[in-house]
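# Below are the sequence and a predicted model; questions follow.
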Amino acid sequence: MTAPPSESAPSSHAPSPHAKPRPRMSPDSKPFWDGCRRHELLLPTCEDCGRAHLPPGPVCPFCFSDRLAWKKASGRGRISTFVVVHKEWFPAFKPDLPYNVVQVELEEGPRLTANLVGHGGRKPVIGEAVRIVFDTIDDTLTMPRFEPA
Amino acid sequence: MAQARAAVVGVGTTAYGRLPEYDAYDLGMWALTEALKDAGLGFADLDGIIVNRIPDYQRFCEIAGIDPSFVTITPGHGRFAAICIEMALQAVLSGRCRTVALVYGNNGRSAGAAYGGESDSYGSGGGAIWWPYGMTSPGAFHAMMMRSHMAQYGTKPEHLAELAMTFRDHAGLNPQAVMRKPFTLDDYMNARMIAEPLRLLDYCLINDGGVALIITTAEHARDCARPPVHIRGAALQTVFANSMFPPEDYWHGAVASVTGRSFREAGLGRDDMQALMIYDNFTPTVMFSLEGAGYCGRGESGPFVAEGHLRLGRRYPTNTSGGHLSESYMQGWALNVEAVRQLRGDCGDRQVSDAANVHYIAAAPVCSSIVYSRDPS
Ligand SMILES: [Zn+2]
């Protein structure tokens, strides 16, 4: 696994203007983030129509069934699009500028927003095969990112 | 075809730019006063008011000294221009209101409005999972869409440049426009990247300003000071499901749907339009609108724009005021006013000759289409 972008662990969980924003976890999304801490990509998957979806929600967005189960995903996918951000929107991202944000279409179907890492600083490529890596921020947060497959 | 039953009878705009001595209420009042004067109406003639972006409807009506029988307030999102116009249409067509004022006031420049970072509300709560990756701002979202369009269809930065240069050249003919100095392809390419592939000149201009429109029935419109501009067709379509991700069709289906519905209602088609007003928060939005509305084929907007069809004097003069990119980001409102002014023949150096029908389009999570006409049928 390649080293993710530099990110210092905050000393407390209180938000700080100098810290990168943290994901807002909800009861619907908590199993996703708990899975990341165990280095597992889990997707809410419908037991009626069989399709996985993101972001996590209380019902299947395809058939509206509430019979959902968390299933382990392969962690493989392809970059469907990306942006290279040059503007300093969040002060904590200033050292990373310019940085990429990719959207990856997972083998199971849903798209996941993250960064491409371990690519030597070149631009991402649409259609590029990638695999998930887990970046431990601190005891309570591990963030998924992607690297070239 | 049906006879149009509602019309715009008054339009009012403030100066645009940096106006720190005015707040959103002042700007709205300025625009409303102009619109009423334009219509030959007084404050007492209003029995409905729809306020957009101004913080408080009660305070606004108190300042205006009016007690309308209908009032509402709507979020300061650009997509709401058409939603508000549709509400006004329904109010006058149903007979609930006789004359509705739509009032928009925006002091975003002086107030330091930002569309990314901690104040970003774009993307249906997407901030909860986007921000940790540095993903923020509607511009970055549109950049992702454009990147995908470039890969799929070969659209180039040069195509976006021609679009931005066209609107800037139009702004040069509009004394009200904030940015009037022409720029070259080199200027465009050398402008700083914001959210690659989008550069500074792909972005709209955040400014202070106000806009107001007065809408009434076709019957009452005849008594007003200026010739009415008829609203012949209007349609909306939401695209909310899965909206945390760029729509794979660039809103093509929804823009096609609203265009088709509004054209059928109007009894008009693309060939009948003399000018287009297209919501241009960023250059890609115009590309997607042209394709969705069928002015060019799917994926062909880049070469279509590069051929110069959107310039004054060509087939579909678009955003003749300079639009959001060069006149001022008045969130759709000023483009609707420009449609009215073109149809009245009020546009001076930028007047489209024999303008009879103008098409307003916005591609966004709420797509909209409005057909304005000089003639009622
Ligand atoms: Zn299902």
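Yep, it's here. Residues are numbered from 1 along each chain as shown, chains lettered A, B, ... in the order given.
# from here on, contacts and neighbour counts on C-alpha atoms
OK.
# Can you name the residues that contact the residue of the stretch 251-377 of chain B at minimum distance from chain A?
Shortest the stretch 251-377 of chain B-to-chain A distance, computed as C-alpha to the nearest C-alpha: residue-wise this is B:P284, at 13.9 Å. By C-alpha atoms under 8 Å, 6 or more residues apart in numbering or on different chains, the contact set of B:P284 is B:H142, B:A143, B:M145, B:M146, B:L160.
# Next one: the spatially most central residue of chain B, what pLDDT does it get?
Central residue check for chain B by C-alpha atoms, centre = their mean: the C-alpha nearest the mean position is that of B:G332, 2.0 Å away. As summarised for this prediction, B:G332 has a pLDDT of 98.
# would you list every one of the helices in the chain?
I went with chain A, as the question did not name one. A:30-37 (DSSP state H).
# Switch to chain B, please.
B:24-39, B:57-64, B:80-93, B:108-111, B:127-130, B:138-153, B:157-171, B:185-190, B:218-221, B:252-266, B:283-292, B:301-306, B:323-326, B:333-344.
# comparing the ones you listed, which gets the lowest mean pLDDT score?
In terms of average pLDDT, helix B:127-130 trails the rest of the helices of chain B, at a mean of 84.
# Mind giving me the PyMOL select for the contacts of B:P284, buried ones only?
With 16 or more other C-alpha atoms under 10 Å in any protein chain shown as the burial test, the buried ones among the contacts of B:P284 are selected in PyMOL as follows:
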select buried, chain B and resi 142+143+145+146+160
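# Am I right that B:V352 is in contact with B:R311?
No: here B:V352 does not reach B:R311: they are 10.4 Å apart, not a contact under C-alpha atoms under 8 Å.
# residues shared between the contacts of these two?
Shared between the contact lists of B:V352 and B:R311 (criterion: C-alpha under 8 Å, 6+ apart) are residues B:P317.
# partner residues bridging the residue lying closest to B:I215 once chain neighbours are set aside?
Closest residue in space to B:I215, ignoring its immediate chain neighbours: B:V8 at 4.6 Å, by C-alpha to C-alpha, 6 or more residues apart in numbering or on different chains. Following DSSP bridges, B:V8 is listed with bridge partners B:I215, B:V229.
# any idea how far B:V8 lies from B:S110?
Using C-alpha to C-alpha, to the nearest Å, one gets 30 Å for the distance from B:V8 to B:S110.
# what about these two, which has more around it?
B:V8 (28 against 17; other C-alpha atoms under 10 Å in any protein chain shown).
# and B:G12, how far is that from chain A?
When C-alpha to the nearest C-alpha, to the nearest Å is applied, the distance between B:G12 and chain A equals 35 Å.
# can I assume that residue is in contact with B:G40?
No: in this structure, B:G12 sits apart from B:G40 without contact. The criterion is C-alpha under 8 Å, and the distance is 12.0 Å.
# These two: which is more packed in?
More crowded of B:G12 and B:G40, by other C-alpha under 10 Å: B:G12, with 24 against 14.
# residues contacting that one?
Each residue near B:G12 by C-alpha under 8 Å, 6+ apart is listed here: B:A31, B:L32, B:T33, B:E34, B:A35, B:L36, B:D38, B:V211, B:A212, B:L213, B:V337.
# go on, B:T184?
Contact analysis of B:T184 by C-alpha under 8 Å, 6+ apart lists B:M165.
# before we move on, what about B:D208?
B:Y16, B:G17, B:R18, B:L19, B:G105, B:N106, B:N107, B:G108, B:R109, B:S110.
# now, which of those residues lie within strands?
Secondary-structure check on these using DSSP state E: residues within strands are B:G105, B:N106, B:N107.
# Any chance of those residues in TSV with distance to chain A, pLDDT and neighbour count as columns?
What follows is the ones in strands among the contacts of B:D208, written out as TSV (distance: C-alpha to the nearest C-alpha, whole Å; pLDDT from 0 to 100; neighbours: other C-alpha atoms under 10 Å in any protein chain shown):
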residue	distance to chain A	pLDDT	neighbour count
B:G105	26	97	30
B:N106	22	95	30
B:N107	21	94	28
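# Check these against B:P376 and report the nearest one.
Distance to B:P376, by C-alpha to C-alpha, is smallest for B:G105 among the ones in strands among the contacts of B:D208, at 30.0 Å.
# pretty sure the closest one contacts B:L32?
No: contact between B:G105 and B:L32 fails when scored by C-alpha under 8 Å: they sit 9.7 Å apart.
# Brilliant, that's me finished.
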